[in-house]
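Visitor: sharing a model that was predicted from the sequence below.
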Amino acid sequence: MPTPDFLSALLRPELAELHAYTPIAGHFPVRLDANESPPLLSAEARTALARAAVPEDWGRYPDARLVELREAIAARCGVEPDEVLAGVGSDEVISILLTALSRPRPGADAASIVTTSPTFVMYKLSARARGMRAVEVPLDAGWDLDVAGLARAVEFARPSVVFIASPNNPTGALASADRLEAVIAAASDALVIVDEAYIDFAPRDQLALVRKHPNVAVLRTLSKIGLASLRVGWLVGDRALVAELDKVRQPYNLPVPSQRAATFALRELGGELRRAAAFITEERERLARGLTELGLSVAPSHANFLWV
């Protein structure tokens, strides 16, 4: 569809290279493209979750400060509520980050991000929509971080943000701890975001990096563990960072049902969610063995999918 002349003069030029997200049409019991987990909660848990989600008053706006939700997230992650920023999935948190941090670094000719390739596409899309340069560094042959390549990219681009998905989408690889530390050291003047969207299926997490490095924050979500309909994601980071990002967050960003259901799930359904993650992990390994026996090359995965 052609763009009217007056609109072309107003739009960011970067939008010409972007496309609206268009999911595959139709209803499918399994949607592999979305990396959704199957409905593994018990009938009792599903009933309790639905009951918890119902607002007490449909005429009221949601809690603008997300107090109970942030308290529940903080308790789960072992941090304080003022170290938590909650959003409409990780996507909104990424948008908030790049809206707040789109200023070029001193000595840089443009604001930019650095990330890996292949990885979650929203880092690049969100950056480009804000006029930021996106520098992508290929992973190594084993799908791990190329520390030297990332260090060169950081030196060249002087990014505001470095995004590392660990476990990574779409490879499923968990970044080696020593390599991740090396990347953080190389990007000491940037904010390093470790995206743990798939951490429920991994043997270890990286939350300790937030305490160890003031320039590190971690992203998490409830979407991949079977609660994608809630659209609840969050960032854990330094409270000063969270306070600044909160200035950009839209008021009432999470609806009451999402806030209430997510709070209930975090407080009351931990056992159910852990059992679901364990089952998915077992099935992932069983499928990986079967595919390998068929002669296919399957990368080691710490997510709820396989890179074949």
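Guide: Cool, got the structure.
Visitor: any chance you could map the strands in the stretch 101-250 of the chain?
Guide: Assigned by DSSP state E, counting those that start in this stretch, the strands in the stretch 101-250 of the chain fall at 112-117, 133-138, 161-165, 191-195, 216-221, 232-236.
Visitor: leaving aside the residues adjacent along the chain, what's closest to the residue most central in space within the chain?
Guide: In the chain, the centroid-proximal residue (CA atoms, centre = their mean) is residue 90; its distance is 4.2 Å. Closest residue to residue 90 apart from its sequence neighbours, by CB to CB, 6 or more residues apart in numbering: residue 233 at 3.8 Å. (C-beta placed from N, C-alpha, C; glycine too.)
Visitor: mind checking how far that neighbour is from residue 59?
Guide: Taking CB to CB, to the nearest Å as the measure, residue 233 falls 27 Å from residue 59.
Visitor: so these two - more neighbours on which side?
Guide: Set side by side, residue 233 and residue 59 show more neighbours around residue 233, with 25 against 5, by other CB atoms under 10 Å.
Visitor: hang on, that one packs against residue 85?
Guide: No. When contacts are counted by CB atoms under 8 Å, residue 233 is not listed as touching residue 85 (9.4 Å).
Visitor: next, show the common contact partners of these two.
Guide: residue 93 (CB atoms under 8 Å, 6 or more residues apart in numbering).
Visitor: still on that earlier bit, mind putting the strands of the stretch 101-250 of the chain into TSV with mean pLDDT and distance to residue 125?
Guide: Listed next are the strands of the stretch 101-250 of the chain as TSV, based on pLDDT from 0 to 100; distance: least, CB to CB, whole Å:
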stretch	mean pLDDT	distance to residue 125
strand 112-117	99	11
strand 133-138	99	9
strand 161-165	99	12
strand 191-195	99	14
strand 216-221	99	16
strand 232-236	99	16
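Visitor: for residue 54, which of those is the nearest?
Guide: Residue 54 lies closest to strand 232-236 among these, at 16.6 Å (CB to CB).
Visitor: so how far is the closest one from its chain's centroid?
Guide: 8 Å (CA atoms, centre = their mean, to the nearest Å).
Visitor: what packs against that strand?
Guide: Here strand 232-236 touches helix 67-77, strand 84-88, helix 89-100, strand 216-221, helix 256-268, going by 3 or more CB pairs under 8 Å, 6 or more residues apart in numbering; DSSP states H and E.
Visitor: so which of the strands of the stretch 101-250 of the chain comes closest to residue 104?
Guide: Nearest to residue 104, of the strands of the stretch 101-250 of the chain and by CB to CB, is strand 112-117 at 7.8 Å.
Visitor: give the pairing partners of the closest one; include direction for each.
Guide: With DSSP bridges as the test, strand 112-117 is paired with strand 133-138 (parallel), strand 161-165 (parallel).
Visitor: can you point out the buried residues in that strand?
Guide: 112-116 (16 or more other CB atoms under 10 Å).
Visitor: ok, stretch 138-148 next?
Guide: 139, 143-147.
Visitor: can you put the residues you listed in CSV and add pLDDT and distance to residue 162?
Guide: Listed next are the buried residues of stretch 138-148 as CSV, based on pLDDT from 0 to 100; distance: CB to CB, whole Å:
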residue, pLDDT, distance to residue 162
139, 99, 14
143, 98, 18
144, 99, 16
145, 99, 11
146, 99, 13
147, 99, 12
